[in-house]
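1. give me the fold of what follows.
(4 chains)
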2 protein chains.
Amino acid sequence: MNSVIVNKLRDLREAKRNESNNPELWTQEGLATRLGVTRQTIISMEKGTYNPTLSLAFKLANLFGVRIEDIFEYRDEKK
Amino acid sequence: MNSVIVNKLRDLREAKRNESNNPELWTQEGLATRLGVTRQTIISMEKGTYNPTLSLAFKLANLFGVRIEDIFEYRDEKK
DNA sequence: ACTTTACGTAAAGTATACTTTACATCATAA
DNA sequence: TTATGATGTAAAGTATACTTTACGTAAAGT
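-> Got it, this is the predicted structure:
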């Protein structure tokens, strides 16, 4: 709780959605299904600072074809 | 649950513990303290497949001076 | 013997990631 | 007007990461 994870999920997803010729793959629902999570989980993540499990982070990075650090940024709130 | 995270924590920690001139920094307890978790968490991780939060994975990578993928491996058990 | 250090185990509790269900809004199109 | 697709919100439930406490063992030093 003295550290925060921020992410660029929303922007990355919309970019994919615009580029893709299968845009429905990149809706919240499409993403969720392919990740094996629910749409609520996507919504929570896109909403702001959210600390997912490592396995979900890996799955996302794989789907987007980038590294974890390209989606998530770790911010240290050191005292 | 159709995917698994394996890690090399134990080996990496012991290596650090042997190299270091401050070995107590690399005991389970030393590691735990610096990560802001308990020794039980370290034990659970070293014990086998464990799916930590992304923030903990980032902290570990920073402490060990490596990338997340150098500690954790994502294995897809796809159907 | 005894103390200390590092590691192991077990069991119950807390926090939070993630689910489930249900209903609402808004744009677009028939 | 009615339908459909995509997003938003809210509330209660489940799974599991992580904590807390406590006790056990075994090695190494005194």
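
2. which residues does the residue nearest to the spatial centre of chain A contact?
-> Nearest to the mean C-alpha position of chain A, by Cα atoms, centre = their mean, lies A:L9 at 4.0 Å. Contacts for A:L9 (Cβ atoms under 8 Å, 6 or more residues apart in numbering or on different chains) come out as A:42, A:45-46, A:60, A:71. All C-beta atoms are positioned from the backbone trio N, CA, C, and that covers glycine.

3. export those to JSON lines and tack on distance to DNA strand D?
-> Shown next, in JSON lines, are those (distance: Cβ to the nearest atom of the strand, whole Å):
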{"residue": "A:I42", "distance to DNA strand D": "8"}
{"residue": "A:M45", "distance to DNA strand D": "10"}
{"residue": "A:E46", "distance to DNA strand D": "6"}
{"residue": "A:L60", "distance to DNA strand D": "16"}
{"residue": "A:I71", "distance to DNA strand D": "17"}
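
4. now the two most distant members of these.
-> A:I42 and A:I71 (12.7 Å; Cβ to Cβ).

5. give me the neighbour count for A:R17.
-> A:R17: 17 surrounding residues under other Cβ atoms under 10 Å in any protein chain shown.

6. who's in contact with the residue nearest to it when sequence neighbours are not counted?
-> Spatial nearest neighbour of A:R17, chain neighbours left out: A:W26 (3.8 Å); criterion: Cβ to Cβ, 6 or more residues apart in numbering or on different chains. A:W26 is in contact with A:13-14, A:16-17, A:20, counting by Cβ under 8 Å, 6+ apart.

7. between these, which has the most around it?
-> A:R13 (21 neighbours).

8. ok but that residue is inside a strand, no?
-> No: under DSSP: H, G, I helix; E, B strand; the rest coil, A:R13 sits outside any strand and is assigned helix.

9. do you know how far it is from DNA strand C?
-> A:R13 sits 16 Å away from DNA strand C, going by Cβ to the nearest atom of the strand, to the nearest Å.

10. again with A:K8
-> Applying Cβ to the nearest atom of the strand, the value for A:K8 to DNA strand C is 16 Å.

11. next one: A:I71
-> From A:I71 over to DNA strand C (counting by Cβ to the nearest atom of the strand), the distance is 13 Å.
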